[in-house]
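Visitor: This is a predicted model, with the sequence first.
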Amino acid sequence: MWSKKVTIQTKAKREQIWKLWADVENWNKWDNEVEFSKINGKFETGVFGVLKPKNGPKSKFKIFSVSEPSEFAIEASLPFTKMYFTHLLEEKNGNLYLTHGIEMKGFLSFLFSRVVGKKLLESLPHSMKKLSDMAENS
């Protein structure tokens, strides 16, 4: 298993972040690694979608869990590996914190953590800052 998280503080309101998270077709506005994304239904647990990274093949994903307006997670598959992308909003001492995580489980997680995970992890801080800025200005 491989797991990494990045947390930043945001001045945006919880509802502003949630609105951007739930707008799957516009994830590419704040995540530079996404070419396009869409879901087949409402933003809720169990719904399937498709995401095309800029430098990778189109892949299916499933919304694994949703707890509005605090967190959601999606699950995607690679050969012999499951990837989980977690998104969490937490308040601490009157401040709002935004956490995005990547977790890989499975036989080839050691390989995909190096090939895919490293690049995803490097892009997280920039994407999260862009998400925060967009939310603050919405």
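Guide: Cool, got the structure. Numbers count the residues shown, from 1 in each chain.

Visitor: Nearest the geometric middle of the chain, what residue?
Guide: Phe85 (5.0 Å; C-alpha atoms, centre = their mean).

Visitor: Can you tell me the number of residues neighbouring Glu91?
Guide: Neighbour count of Glu91, defined by other C-beta atoms under 10 Å: 10. The C-beta positions use only the backbone N, C-alpha and C, and glycine is treated the same way.

Visitor: I meant to write Pro79 there.
Guide: Residue neighbour count, defined by other C-beta under 10 Å, stands at 9 for Pro79.

Visitor: Identify the residues contacting the nearest residue to it once chain neighbours are set aside.
Guide: Of all residues beyond its chain neighbours, the one nearest Pro79 is Leu108 (6.1 Å), with distances taken as C-beta to C-beta, 6 or more residues apart in numbering. Listed by C-beta atoms under 8 Å, 6 or more residues apart in numbering, the contact set of Leu108 reads Leu78, Pro79, Phe80, Thr81.

Visitor: Export the longest helix along the chain to CSV, keeping only CA atoms.
Guide: Selection of the longest helix in the chain by residue count, based on DSSP state H, yields helix 118-136. Output in CSV follows, covering the C-alpha atoms of helix 118-136 (Å, rounded to 0.1, in the frame of the first residue of the first chain):
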residue,chain,number,x,y,z
LYS,A,118,4.8,10.6,-7.8
LYS,A,119,3.5,12.8,-10.6
LEU,A,120,0.1,13.1,-9.0
LEU,A,121,1.6,14.0,-5.6
GLU,A,122,3.8,16.7,-7.2
SER,A,123,0.7,18.3,-8.8
LEU,A,124,-1.5,18.3,-5.7
PRO,A,125,-0.3,21.6,-4.0
HIS,A,126,-0.7,23.6,-7.2
SER,A,127,-4.2,22.1,-7.9
MET,A,128,-5.3,22.7,-4.3
LYS,A,129,-4.1,26.3,-4.3
LYS,A,130,-5.9,26.9,-7.6
LEU,A,131,-9.1,25.3,-6.1
SER,A,132,-8.8,27.4,-3.0
ASP,A,133,-8.3,30.6,-5.0
MET,A,134,-11.2,29.9,-7.3
ALA,A,135,-13.4,29.2,-4.3
GLU,A,136,-12.4,32.4,-2.5
